[in-house]
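Novice: no letters, just coordinates:
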């Protein structure tokens, strides 16, 4: 079956919009459908086996690696990507914290990390540093050594304490 | 850090940390990386690679691939219109293999098809009949003249000696050791990708590419395409990290060839596993060193022998080797030296540039030796380093005098003075903070804390007589200041710095950065810690010319001598007649177009005895590592890194800190995690599942002291900061592990190989050699 095109169309709900997917290969991952069929290239791919977190998206409120999800199996799910995080031209407070704290260098890991951090501070607004490190260990960054990323996350958590 | 953050509210000039101009796009997913690009009518390209480390191609049949619906073309060596070879220093690597393949992953053919799936089927359909040849995988065997050459240019890429002072002198104390460094991958997250768009008439091409050096790529591509350079136009696409791994050609030529053949835009992306095969790596090395000292620990002589495994093709092996041999003494005074270095060819993956470029390997060996020497002399590990610390004005073993600011002693002292972790071993906040992390494998009673230090010297910019320059242009039209350069922004933040320089020099706050492409002269490579110095120097000079031109036009209008006026902050001031005009007003109606080419001081090639002022400038750093080691299980947790680094001047403190923390993470990776494993010439771990990168949980807090002694030779007083953090962090961590092991097992053999694997820790006190476990 490798390489054959699925002649059926299917629909996905992405960032609150119902979108039609056509021409995706059989078994295509959510990552490739988002990027290649729906033009949502903010979600990145760097390992395609769930190790790096660059393709992190929310699926029914859970953080997942889009490369590990078969797109045609999530037609009933609610999918949220980096493009839907803030209205166009604005930044969420997680995005602003990354900008302000120097947490961005090449930026390739950044959309996935922003999704993971947004999820983390929603679930654990009082996380300590060790929890932050364990929670974000699924998102690789090769540029920053993570120091400014931790600074950005801690600035958000401290905000909550004030 | 709060001071630095507050500074962003000020004018975004040098010395502050303005936010990156590309950061808003990067955090919102709107920044286009090379892999995000597409064009109308684009089809896909893919590469067929050798599965064998060494084989003869008996026959190659592409017709089954061409028969597949949706396949546009299949190219082999016969289809290369220009030279079928490329390479950064020596053009020794074929675009497509001819007759012989020399490493697993060597390109044999390329296909273009309507989608990636069809590309994959086309690659599978190509029939290659290989006759497997014996693979040369032992770098020592490559040195044996009796070993058959695996390449027409022979098996030794370069041999370089250094003989300095009295080669026969001996010290009262000698220590020696054999060291081994594994092959490290740059592992940038943004995989190789390009979009190649052929001109409508087929006589030229535009390539949008993630690279470190646009003009060098262009030169190599044009030669392979058989086109004049001006017919090949390159634009920098968003680069997802580089670290040396994008300095060589990977998919550039293949994408252009396919696009010109098909007459459509070609998108070409590597997968992660292909990326491990498709770019050069850090050289694995075997190093022997013997240090001689007097009984007070003063160095008398260093002896060394290096064998660098360059893999199948030369890439930058000869320059990497030179960096290693010329840094043998480390940041220490030493008057006598006997050094022998070889870079050899094997049927392993080709090796070339990676952050630290040869000095990583040398530093691991010389710093391991300095600890041995300290023990042999009965001295503290820092005391022996202080006694030998290099100073500005000292002569290197190459005969070159160090003219850079050289605050080696300050690096050592300030690193030592940084606070140690406040929690004792086993008293962390969380059980995850023990070795083994969330695996909860570790019994606290088996955990020993160790501390280690290492110090480094690193050359900045290019060496050995290379004509090293960078170009920048400053234009002012309609009151808008624009800066143009071809400097590859790979994540390091030159785009931020360029704006800071322009604002500082010109006294304006709004600066437009033009697209980064070959529409201006070369900037040289984003490597060798050179762009802040080189492209920073070019942007500064171009802006100074533009500033002087604006001041001249104001002077003309006011009927005064230009020398009477000066720029103070954002205003041109006439202190004699007592008037001032804002620079933003002064540039209205002015038309300026100034270009500057910055060159550093010339260097020379080494002679046969390794003598010559082959480097330009140097930067220094010291690292202290604190580790917890589960001595029974061999597990290591790096608890803290402290570093004092000679930065000259921190032009953007947050960027400097980002380089330091990021560089240390890669040094930590080499120390305890990262190694490309090849067995019989076949890579065994070409994935992020099996090649282990430091995660946020592996990376400890970093304590940093920036040593700011502006270097008079640097155009902005600033030294490059990218490489030093990667260099001495690795030996500091290994020294700390040795310290921990020795506390429990004083008889243990000192670790001599990186990365340190759990079995190495356990073997160290069981009397086994690391190699006993290999395979």
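Specialist: Happy to help now that I have it. Here the structure is a predicted model, which is why all the values come from computation and not from measurement.
Novice: which residues touch the closest residue to chain B within chain A?
Specialist: For chain A and chain B, the shortest gap (CB to the nearest CB) falls at residue A:42, measuring 2.0 Å. C-betas here are computed from N, CA, C, even on glycine. Contacts of residue A:42 were listed using CB atoms under 8 Å, 6 or more residues apart in numbering or on different chains, and they are A:81, A:82, A:83, A:111, B:28, B:29, B:30.
Novice: which residues does residue 44 contact?
Specialist: As the question left the chain open, I've gone with chain A. For residue A:44, the contacting residues are A:54, A:55, A:108, A:109, A:111, A:112, B:33, B:35, B:189, B:190, B:240, by CB under 8 Å, 6+ apart.
Novice: let's do chain B instead
Specialist: Taking CB under 8 Å, 6+ apart as the definition of contact, the neighbours of residue B:44 are B:112, B:113, B:114, B:115, B:116, B:118, B:119, B:266, B:267, B:268.
Novice: nearest spatial neighbour of the fifth one, chain-adjacent residues omitted?
Specialist: With CB to CB, 6 or more residues apart in numbering or on different chains as the measure, residue B:44 is the residue that lies nearest to residue B:116, at 5.3 Å, once sequence neighbours are left out.
Novice: can you confirm that neighbour is in a strand?
Specialist: Yes. Residue assignment for residue B:44, taken from DSSP: H, G, I helix; E, B strand; the rest coil, places it within a strand.
Novice: if it is in a bridge, with which residues?
Specialist: With DSSP bridges as the criterion, residue B:44 is bridged to residue B:113, residue B:267.
Novice: show me the strands in chain A, by range?
Specialist: A:10-14, A:17-21, A:56-59, A:62-65, A:78-80 (DSSP state E).
Novice: closest residue of chain B to chain A?
Specialist: Ranking the residues of chain B by distance to chain A (CB to the nearest CB) places residue B:29 first, at 2.0 Å.
Novice: partner strands of the one helix or strand residue B:129 maps to, parallel or antiparallel?
Specialist: Using DSSP states H and E, residue B:129 sits in strand B:127-132. Paired with strand B:127-132 in the same sheet, following DSSP bridges, are strand B:55-61 (antiparallel).
Novice: got the buried residues for the partner strand?
Specialist: Residues of strand B:55-61 classed as buried by neighbour count (16 or more other CB atoms under 10 Å in any protein chain shown): B:55, B:57, B:60.
Novice: would you turn these into JSON lines with pLDDT?
Specialist: What follows is the buried residues of strand B:55-61, written out as JSON lines (pLDDT from 0 to 100):
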{"residue": "B:55", "pLDDT": "98"}
{"residue": "B:57", "pLDDT": "98"}
{"residue": "B:60", "pLDDT": "98"}
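Novice: nearest to residue B:698, of those residues?
Specialist: Nearest to residue B:698 among the buried residues of strand B:55-61: residue B:55, at 38.6 Å, using CB to CB.
Novice: the closest residue to that closest one other than its chain neighbours: neighbour count?
Specialist: The shortest distance from residue B:55 to any non-neighbouring residue, by CB to CB, 6+ apart, is to residue B:130 (4.1 Å). Counted with other CB atoms under 10 Å in any protein chain shown, residues neighbouring residue B:130 total 17.
Novice: residues touching residue B:130, list them.
Specialist: For residue B:130, counting by CB under 8 Å, 6+ apart, the contacting residues are B:50, B:51, B:52, B:55, B:56, B:57, B:58, B:101.
Novice: what of residue B:401?
Specialist: Residue B:401 makes contact with B:393, B:394, B:395, B:613, according to CB under 8 Å, 6+ apart.
Novice: can you name the residues bridging to it?
Specialist: Legend: beta-bridge partners of residue B:401 under DSSP bridges are residue B:395.
Novice: least trustworthy helix or strand in chain A by mean pLDDT?
Specialist: Using mean pLDDT, DSSP states H and E, helix A:147-161 stands out as the lowest-scoring helix or strand of chain A, at a mean of 84.
Novice: check which residues of it are buried.
Specialist: Neighbour-count burial for helix A:147-161, with 16+ other CB under 10 Å as criterion, is recorded at A:147, A:148, A:149, A:150, A:151, A:152, A:153, A:154, A:155, A:156, A:157.
Novice: what about residue 114, how many neighbours?
Specialist: Assuming you mean chain A. That count, for residue A:114 with other CB under 10 Å as the rule, works out to 29.
Novice: you answered for a different chain; I wanted chain B.
Specialist: Using other CB under 10 Å, residue B:114 has 15 neighbouring residues.
Novice: just to revisit the earlier point, what's the closest of the contacts of residue A:42 to residue B:146?
Specialist: Taking CB to CB as the measure, residue A:111 is the one of the contacts of residue A:42 closest to residue B:146, at 55.0 Å.
Novice: give me the three-state assignment for the residue nearest the centre of chain B.
Specialist: The centre of chain B sits closest to residue B:355, judged by CA atoms, centre = their mean, with a distance of 2.5 Å. Remark: residue B:355 carries the secondary structure label coil [criterion: three-state DSSP].
Novice: wait, isn't residue B:507 in contact with residue B:580?
Specialist: No. In this structure, residue B:507 sits apart from residue B:580 without contact. The criterion is CB atoms under 8 Å, and the distance is 11.2 Å.
Novice: quick one: the strands in the stretch 401-550 of chain B?
Specialist: Read by DSSP state E, counting those that start in this stretch, the stretch 401-550 of chain B holds these strands, from start to end of the chain: B:447-460, B:469-477, B:480-485, B:512-513.
Novice: pop the domain breakdown of chain A in here.
Specialist: Chain A is divided into the following domains under automatic domain parsing: A:10-84, A:93-161.
Novice: single out the most deeply packed of those domains.
Specialist: The densest packing among those, expressed as mean neighbour count by mean count of other CB atoms under 10 Å in any protein chain shown, is seen in domain A:93-161 with a mean of 22.
Novice: output the below-cut-off pLDDT ranges for chain A.
Specialist: Low-confidence regions of chain A, defined here as pLDDT under 70, cover residues A:1-7, A:158-162.
Novice: go again with 90.
Specialist: For chain A, applying pLDDT under 90 flags the ranges A:1-8, A:23, A:25-26, A:128-131, A:157-162.
Novice: please enumerate the helices of it.
Specialist: Chain-ordered helices for chain A, with DSSP state H as the definition, fall at A:30-32, A:93-100, A:110-123, A:129-135, A:147-161.
Novice: what angle do the last one and helix A:93-100 make?
Specialist: Read it as helix A:147-161. Using axes from the mean of the first three to the mean of the last three CA atoms, to 10 degrees, the interaxial angle of helix A:147-161 with respect to helix A:93-100 works out to 130 degrees.
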